[in-house]
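> need the 3D shape of this:
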Amino acid sequence: MANPLIKICGLSTPESIASAAAAGASHVGLVHYAPSPRHVEIAQAAQLRRAVPPGVKAVLLVVNMAPDALAQAVAAIRPDVVQFHGQESPQECAAFRAASGLEVWKAKGIKTPADLAEAQAYAGALDRLLYDAPAGKLPGGQGIALDWSLLAGYRHRIPWGLAGGLNADNVAEAIRQTKAPLVDTSSGVESAPGIKDVDRIKAFCQAARAIQS
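Below is the predicted model:
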């Protein structure tokens, strides 16, 4: 299998963006969600977006954001991708995708085969479905892995990626089991909540790229 795409999420400094890009990340994520320890305000996110080098896509992560506020955020930040991480419906995702012309992702917590089947309702509404661990108090960034065996051999109806509890120690095995075309990490490359670690970013990208076709 080909090397997967790699998203490093929850970045909050130009240095961490540069580190992720240098390590080989294809996507960097900016979280605009106040309860998260990785939250960045719109002005800060716009500054960080300007630090993203060519060839790397900037992903704006939002949670149940009102349409008008989202439109203002997108206009200011100018992301390549918007990732919905709340209870946004397939219809809401499709409407935003059509109106914005942007690449749209949706994260879905997966615990059972029924959850996986239900997530396929987003086919046609998204550019990518991101399978994550079920949400706790906060959506994402909790370091909790989902059951990879749910995805082994599954026939996905939509391009997808794997998130939830991935780090340098387990990402290669996760890719082997699931054949994930994209892997996403946040807390797995941190030294403390919201604080990215350069060495952990590098180690994660190396581990994710260690599996050859």
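
> strands along the chain, start to end?
5-8, 27-31, 57-62, 81-84, 103-109, 128-132, 160-162, 182-185, 190-192, 195-196 (DSSP state E).

> Ala119 and Ala22, how far apart?
33 Å (C-beta to C-beta, to the nearest Å). The C-beta positions use only the backbone N, C-alpha and C, and glycine is treated the same way.

> brain fart, Val183
For Val183, the distance to Ala22 - C-beta to C-beta - is 18 Å.

> cool, and Met65?
Taking C-beta to C-beta, one finds Met65 at 31 Å from Ala22.

> for Arg97, same thing?
From Arg97 to Ala22 the distance is 31 Å (C-beta to C-beta).

> those two: who's more crowded?
Arg97 (18 against 13; other C-beta atoms under 10 Å).

> with adjacent residues omitted, what lies nearest to the more buried one?
Val104 (4.3 Å; C-beta to C-beta, 6 or more residues apart in numbering).

> the one you found touches Asp80, doesn't it?
No - counting by C-beta atoms under 8 Å, Val104 stays clear of Asp80, with 10.8 Å between them.

> of these two, who's got more company?
More crowded of Val104 and Asp80, by other C-beta under 10 Å: Val104, with 21 against 15.

> need the contact list for the more buried one.
Val81, Val82, Gln83, Phe84, Cys93, Phe96, Arg97, Ala125, Leu126, Asp127, Arg128 (C-beta atoms under 8 Å, 6 or more residues apart in numbering).

> mind doing that once more with 7 Å?
Val82, Cys93, Phe96, Arg97, Leu126, Asp127 (C-beta atoms under 7 Å, 6 or more residues apart in numbering).

> same question, Leu182
Leu182 neighbours (C-beta under 7 Å, 6+ apart): Pro4, Leu5, Lys7, Gly161.
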